[in-house]
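[1] got a predicted model here, sequence first, then my questions.
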Amino acid sequence: MIDHIGLSVADYLMSKAFYDAVMPTLGAACAMVVTPEETGGTYEGAGYGVNGKPSLWIGTGGRTQGSVHVAFVADSRTAVDAFYAAAMAAGARDNGPPGIRTDYHPGYYAAFVLDPDGHNIEAVCQKPA
């Protein structure tokens with residue numbers, strides 16, 4: 001249903017460093033970077049995804065207003081743990097350490113962090129243990 005999502009960030013270089021550190025734990029990477037020269041203006045952005053297809057874009061333009069929640073699929077509980085550790089090491093704020101969330105369902109294993117702009121970023125594995 002969703003092809004991609006974009007977030008405007010307050011500090012592009014800080015956010016890019018954060019997502020550069022976190023996305024590989026989920027099998028994703030920076031797939032594309034666009035410069036102001038390429039966009040015909042002041043926009044600079046980075047697209048993250050799998051197999052070269054950006055699904056999450058971050059870019060200049062000032063912090064997205066309000067809070068956004070983005071949940072990424074993790075292939076394993078180990079990947080959720082790695083996501084959380086990488087995010088915390090990259091300066092995220094804890095918003096829920098890795099663990100089972102039985103209030104969602106018995107096999108919902110997730111971790112939640114707040115990115116540099118305060119957005120609730122989640123990694124979730126819904127596979128049985």
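    Nice, I can see it.
[2] ok, the closest residue to Val113 other than its chain neighbours - how many residues close by?
    Leaving aside its sequence neighbours, Val113 sits nearest to Ala92 (C-beta to C-beta, 6 or more residues apart in numbering; 3.8 Å). In this view, the C-beta of every residue, glycine as well, is placed from N, C-alpha and C. Ala92 has 21 neighbouring residues, counting by other C-beta atoms under 10 Å.
[3] and if you look at Phe18?
    By the criterion of other C-beta under 10 Å, Phe18 has 23 neighbours.
[4] and for Thr39?
    When neighbours are counted by other C-beta under 10 Å, Thr39 registers 13.
[5] tell me which residues touch it, please.
    Thr39 makes contacts with Gly45, as judged by C-beta atoms under 8 Å, 6 or more residues apart in numbering.
[6] please tell me how far it sits from Ala21.
    From Thr39 over to Ala21 the distance is 25 Å, taken as C-beta to C-beta, to the nearest Å.
[7] equivalent analysis for Glu122, please.
    Glu122 sits 16 Å away from Ala21, going by C-beta to C-beta.
[8] before we move on, what about Asp103?
    29 Å.
[9] pLDDT score for Ala129?
    In the prediction, the pLDDT value recorded for Ala129 is 81.
[10] burial count for it?
    As a burial measure, Ala129 scores 9 neighbours (other C-beta under 10 Å).
[11] likewise for Gly52?
    9.
[12] now swap in Leu13 and tell me
    When neighbours are counted by other C-beta under 10 Å, Leu13 registers 10.
[13] Val50 now?
    When neighbours are counted by other C-beta under 10 Å, Val50 registers 14.
[14] and the contacts of the longest helix anywhere in the chain?
    Ranked by residue count and defined by DSSP state H, the top helix of the chain is helix 77-89. Under the criterion C-beta under 8 Å, 6+ apart, residues 18, 21-22, 24-27, 72, 74, 94, 97-98, 109-111, 113, 115, 121, 123-125, 127, 129 lie in contact with helix 77-89.
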